[in-house]
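K.L.:
generate coordinates for the sequence data below:
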Amino acid sequence: MTMIFGETQSKISIQRYIFIGGIILFAIKVVAFYITNSVGILSDALESTVNVITGFITLKSLQFAVKPRDEDHPYGHGKVELITASIEGILIGVAGAMIIIEAIKRLGAPPEILKMDTGIMLMLLTAIVNYLMGRYSIQKGIKNNSIALVSGGKHLISDTYTTIALIGGLVIYFITGQKWVDSFLAILFGLFILYTGYTVLRSTVNGLMDEADSTALDALVKVLRDQRHDKWINIHKLTYLKFGHVSHVDMHLTLPWYYDLRQSGTEIGHLKNIVRNNLPEEEVDISIQTEPCTENMCHQCALDCVERKHSMISTREWSTMEITGKNIFSSTLT
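P.N.:
Below you'll find the model as predicted:
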């Protein structure tokens, strides 16, 4: 429990640094806008307001998620991270729409842009810092299994790419003097930001709807397949749900029909250790229900069993579809 608390506090500290960094970068972009009067830089500054707002929301959500399980929240409070990421996706979309509207207004009557060289240098500085913060957030998010840190880091990196593209456009404007370039770039960036918001929102909604993570399931099934025991005649109805730093695994385990409670408990313990040691979440809640084997399973059972009724033809392959499905055995093999 101490280790879990320490990892959660680490996530909070990481997000606090990212939040403070976002405020500083936003301030720099605002200064750059007032110096240059560039709508492109304004678009980047508006997008950065999302970084600041969501950075604060993410920080508070992580502090809330650390609360222990209770009667009303048996799987903890980890899903608040998904809610936070959903809010972030919505705010990203709003920022993109605001940028497009403002750019269209200025496209018909582009204003004079001033001190472009200073603006370019300031934006380059924010791009470098933003990218470093984004990579740091993603790495720490993966290490600490925090979707909030990962999604926040991806957003920071996407912000970096738009800033770099903006700098390129500002350089073109600086060289050619074509005023419409500034507004045109802002419209393109607004569309890109809208798409970024859509992808973030889509992934978090899938998580809130408990959509199965096929990649995670395939990885778990591979571990079970590689470390299976002959006594485990079959595993089926496997489910794997994630709630922030807590995950829940449920499955049915088919054992020889003559096993007593002590023997069944031993096999359940072995299986739980394998699952727990191969999942990234800080807490893993595992529920395993045992079932007795039947005669029609002998064809696909490798156990050296004195009660065998039929010869083994071939062991049953444990695919993701089979392990997550029903306990169906064919009486004969083709």
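
K.L.:
and the strands in the stretch 101-250 of the chain?
P.N.:
Here the stretch 101-250 of the chain has its strands, by DSSP state E, counting those that start in this stretch, at 234-243, 246-255.

K.L.:
just give me the lowest mean pLDDT stretch among those.
P.N.:
Lowest mean pLDDT within the strands of the stretch 101-250 of the chain: strand 234-243, a mean of 82.

K.L.:
in that strand, what counts as buried?
P.N.:
234, 235, 236, 238, 240, 241, 242, 243 (16 or more other Cβ atoms under 10 Å). (C-beta placed from N, C-alpha, C; glycine too.)

K.L.:
ok, now stretch 33-50?
P.N.:
Buried residues in stretch 33-50, defined by neighbour count with 16+ other Cβ under 10 Å: 33, 35-50.

K.L.:
next: stretch 93-100.
P.N.:
93, 94, 95, 96, 98, 99, 100.

K.L.:
render the CA-only coordinates of stretch 26-36 in PDB, please.
P.N.:
Provided in PDB are the C-alpha atoms of stretch 26-36 (Å, rounded to 0.1, in the frame of the first residue of the first chain):
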ATOM      1  CA  PHE A  26       0.800  30.500 -21.900                       C
ATOM      2  CA  ALA A  27       2.100  33.800 -20.500                       C
ATOM      3  CA  ILE A  28       5.000  33.800 -23.100                       C
ATOM      4  CA  LYS A  29       2.600  33.200 -26.000                       C
ATOM      5  CA  VAL A  30       0.300  36.100 -24.800                       C
ATOM      6  CA  VAL A  31       3.300  38.400 -24.700                       C
ATOM      7  CA  ALA A  32       4.300  37.200 -28.200                       C
ATOM      8  CA  PHE A  33       0.800  38.000 -29.500                       C
ATOM      9  CA  TYR A  34       0.700  41.500 -28.000                       C
ATOM     10  CA  ILE A  35       4.100  42.200 -29.500                       C
ATOM     11  CA  THR A  36       3.300  40.900 -33.000                       C
END
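
K.L.:
gap between residue 221 and residue 293?
P.N.:
20 Å (Cβ to Cβ, to the nearest Å).

K.L.:
among the buried residues of stretch 93-100, name the ones in strands.
P.N.:
Assigned to strands by DSSP state E, none of those qualify.

K.L.:
any idea which of those residues is closest to residue 258?
P.N.:
Of all the buried residues of stretch 93-100, residue 258 sits closest to residue 93, with 60.0 Å by Cβ to Cβ.

K.L.:
quick one: pLDDT of the residue nearest to that closest one when sequence neighbours are not counted?
P.N.:
Computed as Cβ to Cβ, 6 or more residues apart in numbering, the closest residue to residue 93 that is not its neighbour in sequence is residue 197, at 3.5 Å. Looking at residue 197, its pLDDT reads 76.

K.L.:
tell me the contacts of residue 197?
P.N.:
89, 90, 91, 92, 93, 94, 95, 96 (Cβ atoms under 8 Å, 6 or more residues apart in numbering).

K.L.:
if you set the cut-off to 10 Å instead, what comes out?
P.N.:
50, 88-97, 155, 158 (Cβ atoms under 10 Å, 6 or more residues apart in numbering).

K.L.:
and of those, the nearest to residue 177?
P.N.:
residue 96 (27.8 Å).

K.L.:
just checking, that closest one touches residue 192?
P.N.:
Yes - taking contacts as Cβ atoms under 10 Å, residue 96 lies within contact range of residue 192: 7.6 Å.

K.L.:
shared neighbours, these two?
P.N.:
residue 47.

K.L.:
for the chain, what spans make up the helices?
P.N.:
Ranges of helices in the chain, per DSSP state H, are 2-36, 39-65, 80-108, 116-144, 147-176, 180-208, 214-226, 261-277, 320-324.

K.L.:
could you dump those into TSV and include distance to residue 298?
P.N.:
Converted to TSV, these look like this (distance: least, Cβ to Cβ, whole Å):
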stretch	distance to residue 298
helix 2-36	44
helix 39-65	48
helix 80-108	45
helix 116-144	44
helix 147-176	44
helix 180-208	41
helix 214-226	21
helix 261-277	19
helix 320-324	17
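
K.L.:
any stretches of this protein with poor pLDDT?
P.N.:
Flagging of the chain using pLDDT under 70 yields the residue ranges 1-9, 54, 57-58, 60-85, 108-112, 145-148, 203-214, 243-246, 280-282, 327-334.
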